[in-house]
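Participant: Below is the sequence, then the predicted model.
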Amino acid sequence: MIYLIFLSIVAAIMLIFKFGFSTPAVDYRYPRILMYHMVCEHKQGAKFNKLRVTPKHFEEQISWLVENGWTFVTMAEIASGVWLSQEKCVAITFDDGYEDNYTNALPILKQHQAKGTLYLVVNRHDNDWSVQKKAHHDSGELMREAKLSDQQVQDMVKSGCIELGGHTTNHINFATTSKEQKSKEVTESKQFLESRFATKVTSFAYPFGILTEEDPALIEQAGYDNAVLAEGGIETSPETNRFKIRRIKISGKDSLRTFKRKIAAGKK
Ligand SMILES: [Zn+2]
């Protein structure tokens, strides 16, 4: 008897390890919006390796999405309601404008006929924006990371794989910036990106995912039609939350199993 109970416990533990604690999957009619930053190898001892998804992992993730019937969409397409008539929509989004988005991520997207949205900071070179969030984040790690040149951005837009989105001119912190300055940053960056890259810019991502109560209206007034947060999991009301759309954070530390769970349930 004791032996049988012991066996049952072992079997239960093995099942939990194999399938995880089953957080139920969120209905697949809701789009999954994934947040990435860099697609590159980790750096030894670096603070921001969670923002670095290795090219191998990124390739595995995109392949898995293709094999499992996901349709790649841009944020502009989500805002226009494409997900209402199509199950399993996934938006790949990249924040800031790191050079590896061009050298490492774009070839993988192209290979799988996938697409995504790039939220580009206008003044992205030699800009240590980490300190805008926390003063002690002054190691310059993200500042030293190579950023996309305008030519690379142009090529990405031309490839048809990438929608360009706004992320302010200087990657400002909305919680510590005046309303006037915020308006200027979101309006001017939109105009700049549209004229420099000859494309429409209607999607926006809050820098650091930080926003205050007045900001969704401010983004709408600047002419954008959707805006994403930096976390929150699966967005089930992209229409009502048009200027506060939640994203699933993909970490450089995620295994494929964790990735799959995040796609299903929005969290680990
Ligand atoms: Zn950012």
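Facilitator: Nice, thanks for sending it over.

Participant: for stretch 60-70, what is the average pLDDT?
Facilitator: The pLDDT scores in stretch 60-70 average 98.

Participant: ugh, wrong one, stretch 241-250
Facilitator: Per-residue scores along stretch 241-250 average to 98.

Participant: got it, and stretch 91-104?
Facilitator: pLDDT averaged over stretch 91-104 gives 98.

Participant: Pull out the buried positions in that stretch.
Facilitator: By neighbour count with 16 or more other C-beta atoms under 10 Å, stretch 91-104 contains the buried residues 91-102, 104. Placement of C-beta: from N, CA and C, glycine included.

Participant: farthest-separated two in these?
Facilitator: Greatest spacing in the buried residues of stretch 91-104, by C-beta to C-beta: Ala91 and Glu99 (21.8 Å).

Participant: ok, back up a step: could you dump the buried residues of stretch 91-104 to TSV with distance to the ion?
Facilitator: As requested, the buried residues of stretch 91-104 are exported to TSV (distance: C-beta to the ion, whole Å):
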residue	distance to the ion
Ala91	16
Ile92	16
Thr93	11
Phe94	10
Asp95	4
Asp96	4
Gly97	9
Tyr98	10
Glu99	15
Asp100	15
Asn101	12
Tyr102	17
Asn104	18
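
Participant: Mind putting the residues you listed into TSV with secondary structure and distance to Leu51?
Facilitator: Formatted as TSV, the buried residues of stretch 91-104 follow (DSSP: H, G, I helix; E, B strand; the rest coil; distance: C-beta to C-beta, whole Å):
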residue	secondary structure	distance to Leu51
Ala91	strand	18
Ile92	strand	15
Thr93	strand	13
Phe94	strand	11
Asp95	strand	9
Asp96	strand	9
Gly97	coil	13
Tyr98	strand	9
Glu99	coil	14
Asp100	helix	11
Asn101	helix	12
Tyr102	helix	17
Asn104	helix	14
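
Participant: Helices of the stretch 51-200 of the chain, start to end?
Facilitator: Along the stretch 51-200 of the chain, counting by DSSP state H, counting those that start in this stretch, helices occupy 55-67, 75-79, 100, 106-111, 130-133, 141-144, 150-158, 179-197.

Participant: Compare those and say which comes out lowest on pLDDT.
Facilitator: For these, mean pLDDT drops lowest on helix 130-133, to a mean of 88.

Participant: Run through the residues that contact the residue in the stretch 151-268 of the chain that the ion sits nearest to.
Facilitator: Nearest to the ion in the stretch 151-268 of the chain, going by C-beta to the ion, is Pro207, at a distance of 4.8 Å. Pro207 sits next to Val121, Trp129, Gln132, His167, Thr168, His171, Ile172, Asn173, Phe174 when contact means C-beta atoms under 8 Å, 6 or more residues apart in numbering.

Participant: nearest residue to the second one other than its sequence neighbours?
Facilitator: When you say that, I think you mean Trp129. His171 (3.7 Å; C-beta to C-beta, 6 or more residues apart in numbering).
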